[in-house]
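Asker: okay, here's the prediction I keep looking at, along with the sequence it came from:
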Protein chains: 2
Amino acid sequence: MDIQQISGGITAPKGFLAAGVCCGLKTVGNDLAIIYSQEPCVAAAVFTSNRFQAAPVSVSKQHLASASAFHAIVANSGCANCATGEQGIRDAQAMAEITAAFLNIPEDSILVASTGKIGTFLSMDKIKAGIRDALSTLNKEGGLAAAEAILTTDSVPKQVAVKLVIQGKQVIIGGIAKGAGMIAPNMATMLAFLTTDAMLSKELLDKMFRNAVNSSFNSITIDGDTSTNDTAAILANGASGVVLNESDLDVFQAGLNHICLELATMIVRDAEGATKLLKIHIKNAPNQDMARTIGLSIANSTLVKCALFGADPNWGRILCAIGNAGIDIDLGDIDVYVGQMQLVKNSYAWEFDHAEAHRILSMNEVELTVDLKQGDHEAVVLGCDITTEYVGFNAHYST
Amino acid sequence: MDIQQISGGITAPKGFLAAGVCCGLKTVGNDLAIIYSQEPCVAAAVFTSNRFQAAPVSVSKQHLASASAFHAIVANSGCANCATGEQGIRDAQAMAEITAAFLNIPEDSILVASTGKIGTFLSMDKIKAGIRDALSTLNKEGGLAAAEAILTTDSVPKQVAVKLVIQGKQVIIGGIAKGAGMIAPNMATMLAFLTTDAMLSKELLDKMFRNAVNSSFNSITIDGDTSTNDTAAILANGASGVVLNESDLDVFQAGLNHICLELATMIVRDAEGATKLLKIHIKNAPNQDMARTIGLSIANSTLVKCALFGADPNWGRILCAIGNAGIDIDLGDIDVYVGQMQLVKNSYAWEFDHAEAHRILSMNEVELTVDLKQGDHEAVVLGCDITTEYVGFNAHYST
């Protein structure tokens, strides 16, 4: 398919401007981002499954339900605006109101997001000044500054863009994300914002975006915790002049998947204290959901993560994690490989070269393949090791 | 109630003998245990929920289904007899057959259990010699040796006994257990064996034992992994001469609960690399299952466990874990206390003395109370911290 990765992020698609500024919510660096399209957009979003939901999640959900046209995303780091009650809701609404007033657009055409410390209120003076500052500096090169402004403990900003050719024209999708590194003093928050200059219906965008999120952001795990603020959102403004037809959907889905998977991979690579990326390929499952659930069970097993840290080919822990996935399948005929080397055959011990397995597991990217041999569906899940550094970091932060 | 803790373990009840011997399955120490009653017993057992089940689990389940009278439990450490296929089943059956032949009892009157390394076959020559050796040394003081013979990475043997007065007579319950410390190179296995000289029906014993297991062994967690070999079993031989009446059930249940909770607490205290016991009390829940599920979600959160290690009063991680428990309840009105100190009121930040909270969290036993305020059920869950030592231990074992 005609997918080409290009430089840039959320401002790569036509008609999108962005800015990232420092308004003092964090002690250092940009902490307020705005993404804007003068043309009205259709929007879709996926939010945290945690039953505690931060105020900006509630407000963005309301806007998605009530509005049909969207113009902007406003996000801050340094304060999660979570466990903040009615005041938190009013503050999240105010983020949208202030932006709407400056831009002269409806306030429900704006999505809001926050990440950072839980249980503290947004400093609305800083937010107001930051929004004014960001709006005055919105520009075509502002994507990277916006990517920086949503970071917390991430070590690098994350952005990616792809160019598609559809109906003979150029269609671009871009995205930024912040990672699942643990935010002291609280929990991981994953934020991802995508933009595209394609035009498609809200229903179609929603469906295709959820597909892409399921096989990317919902298929990564650092430590199994789901934050109160997780948000992935996309705006589509149609500025490319291309209205997607039925025959264009495959390439557009592939482009979306590429962006989401690249950003998700960057997030895992940048996980706190992690030294290795674990790519788990579950093959020949009865369906994709089962494959993903089994993959996540392996990736979330603390013992598997310890073994990965120590480069120990400890296949017993992998079988144990599969057995703990809560999936009703036959477990008698499973093969397990690390790289190209088989560790388990038909669910039994298999003679392998331990030194070579240790060498493969010592690399900074490790591929694990689990063949269930009972269907033709598959899933890829990304995880990482748990390290003494991770435990030390998350233990010794003082609130 | 009239419950008195007494010294001893599984041989404290009348009519039970035991032995623990060294047959060479481990490099050092006792590794084969037999518990025996000449009088026929009723039996009950609870096994691992992991869908991978070791051969001895399958064999013991068969015996429980087919037999009505039981005489012995045979258990070994040093080899889990798991992922060993048909050969493993034959070996587990042979453990029962060998014992049955020596004692001249039916082979399905014997329960078997194994713990240790996964993916290797039992050395049946050693097992046979060990069984013969153990049977020749069965005695009234053999409970501690049996407790030692089921250990793997545990640092101390675990046994407890209680004396009840029922119908004016003495009834004794005893127990031994091995812990959920991680077994290199594989996973935790929890084994617990109880004995009592009370007489009651199989159905009643099964029901009461499951009650006791649910609020003890099923309410502890070290790292969320459930082993392939977990087994808790009880034998009741009636040697006290007391047949339990309806009016005796409360005191007998209390005795069972006491034994199981004591053993479970010993297991958590002895968890690998852990420095602190975390006792989580979930109050005012709609039902007990919900309370336990929420407690386990908190206890299994890697971030909560890191915060406990660092004595950080990180209440955001506790709320996050409650929100991730998958329980459909109102989360808007939750109070959280550490010791007597309130950290969260009505799900919002509460002013507290951080230095004092840090001091409370620095003790080697920490009580956490979560008040859900939406029912009158409760549960207590036991967990522990995760430490850099735990990660190091489980990473650097070389298979």
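Answerer: Looks like it came in fine. Numbers count the residues shown, from 1 in each chain, chains lettered A, B, ... in the order given.
Asker: ok, A:Gly383 to A:Ala94 distance?
Answerer: Distance, A:Gly383 to A:Ala94, using CB to CB, to the nearest Å: 38 Å. In this view, the C-beta of every residue, glycine as well, is placed from N, C-alpha and C.
Asker: those two - which one has more neighbours?
Answerer: Taking neighbours as other CB atoms under 10 Å in any protein chain shown, A:Gly383 and A:Ala94 compare with A:Gly383 leading, 30 against 18.
Asker: does the more buried one count as helix, strand or coil?
Answerer: Classification of A:Gly383 using DSSP: H, G, I helix; E, B strand; the rest coil returns strand.
Asker: pLDDT at the nearest residue to it once chain neighbours are set aside, what is it?
Answerer: Excluding the flanking residues, the one nearest A:Gly383 by CB to CB, 6 or more residues apart in numbering or on different chains is A:Ala299, at 3.0 Å. pLDDT for A:Ala299: 91.
Asker: quick check: A:Ala299 touching A:Ile280?
Answerer: Yes - using CB atoms under 8 Å, A:Ala299 is in contact with A:Ile280, at 5.9 Å.
Asker: and for those two, which residues touch both?
Answerer: Taking CB atoms under 8 Å, 6 or more residues apart in numbering or on different chains as the contact rule, the neighbours common to A:Ala299 and A:Ile280 are A:Val381, A:Leu382, A:Gly383.
Asker: and of the residues you listed, the nearest to chain B?
Answerer: A:Gly383 (12.6 Å; CB to the nearest CB).
Asker: still on that earlier bit, quick one, what contacts the residue nearest to A:Gly383?
Answerer: Counting by CB under 8 Å, 6+ apart, A:Ala299 touches A:Thr221, A:Leu278, A:Ile280, A:Lys305, A:Val381, A:Leu382, A:Gly383.
Asker: with A:Leu64 instead?
Answerer: A:Ala43, A:Ala44, A:Ala45, A:Leu111.
Asker: can you give me the distance of the most centrally placed residue in chain A to chain B?
Answerer: When CA atoms, centre = their mean is applied to chain A, the residue found nearest the centroid is A:Phe217 (4.2 Å). The gap separating A:Phe217 from chain B is 16 Å, by CB to the nearest CB, to the nearest Å.
Asker: circling back to that earlier point, need the shared contacts of A:Ala299 and A:Ile280 in JSON lines with distance to B:Cys82 and pLDDT, can you?
Answerer: As requested, these are arranged in JSON lines below (distance: CB to CB, whole Å; pLDDT from 0 to 100):
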{"residue": "A:Val381", "distance to B:Cys82": "25", "pLDDT": "92"}
{"residue": "A:Leu382", "distance to B:Cys82": "29", "pLDDT": "90"}
{"residue": "A:Gly383", "distance to B:Cys82": "24", "pLDDT": "89"}
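Asker: what residues of the helix ranked longest in chain A count as buried?
Answerer: Longest helix of chain A, by residue count under DSSP state H: helix A:249-269. Residues of helix A:249-269 classed as buried by neighbour count (16 or more other CB atoms under 10 Å in any protein chain shown): A:251-269.
Asker: stretch A:17-32 now?
Answerer: A:Leu17, A:Ala18, A:Ala19, A:Gly20, A:Val21, A:Cys22, A:Cys23, A:Leu25, A:Lys26, A:Asn30, A:Asp31, A:Leu32.
Asker: what is the mean pLDDT for it?
Answerer: The model assigns stretch A:17-32 a mean pLDDT of 95.
Asker: then stretch A:161-178?
Answerer: 97.
Asker: how far does it sit from the chain's center?
Answerer: 18 Å (CA atoms, centre = their mean, to the nearest Å).
Asker: using PDB, list the CA coordinates for it.
Answerer: The C-alpha trace of stretch A:161-178 is given here as PDB (Å, rounded to 0.1, in the frame of the first residue of the first chain):
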ATOM      1  CA  ALA A 161       3.300  11.400  10.400                       C
ATOM      2  CA  VAL A 162       2.500   9.400   7.200                       C
ATOM      3  CA  LYS A 163       1.500  10.400   3.700                       C
ATOM      4  CA  LEU A 164      -1.000   8.400   1.800                       C
ATOM      5  CA  VAL A 165      -2.100   8.700  -1.800                       C
ATOM      6  CA  ILE A 166      -5.800   8.400  -2.200                       C
ATOM      7  CA  GLN A 167      -7.800   9.200  -5.300                       C
ATOM      8  CA  GLY A 168      -4.600  10.500  -6.800                       C
ATOM      9  CA  LYS A 169      -4.200  13.100  -4.000                       C
ATOM     10  CA  GLN A 170      -2.100  13.400  -0.900                       C
ATOM     11  CA  VAL A 171      -3.700  12.600   2.400                       C
ATOM     12  CA  ILE A 172      -1.700  13.000   5.600                       C
ATOM     13  CA  ILE A 173      -2.200  11.600   9.100                       C
ATOM     14  CA  GLY A 174      -0.100  12.900  12.000                       C
ATOM     15  CA  GLY A 175       0.100  12.200  15.700                       C
ATOM     16  CA  ILE A 176       1.800  12.900  19.000                       C
ATOM     17  CA  ALA A 177       1.700  10.900  22.200                       C
ATOM     18  CA  LYS A 178       3.000  10.900  25.800                       C
END
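Asker: flag every buried residue along that stretch.
Answerer: Those would be A:161-164, A:166, A:170-178, for stretch A:161-178 by 16+ other CB under 10 Å.
Asker: likewise stretch A:216-223?
Answerer: A:Ser216, A:Phe217, A:Asn218, A:Ser219, A:Ile220, A:Thr221, A:Ile222, A:Asp223.
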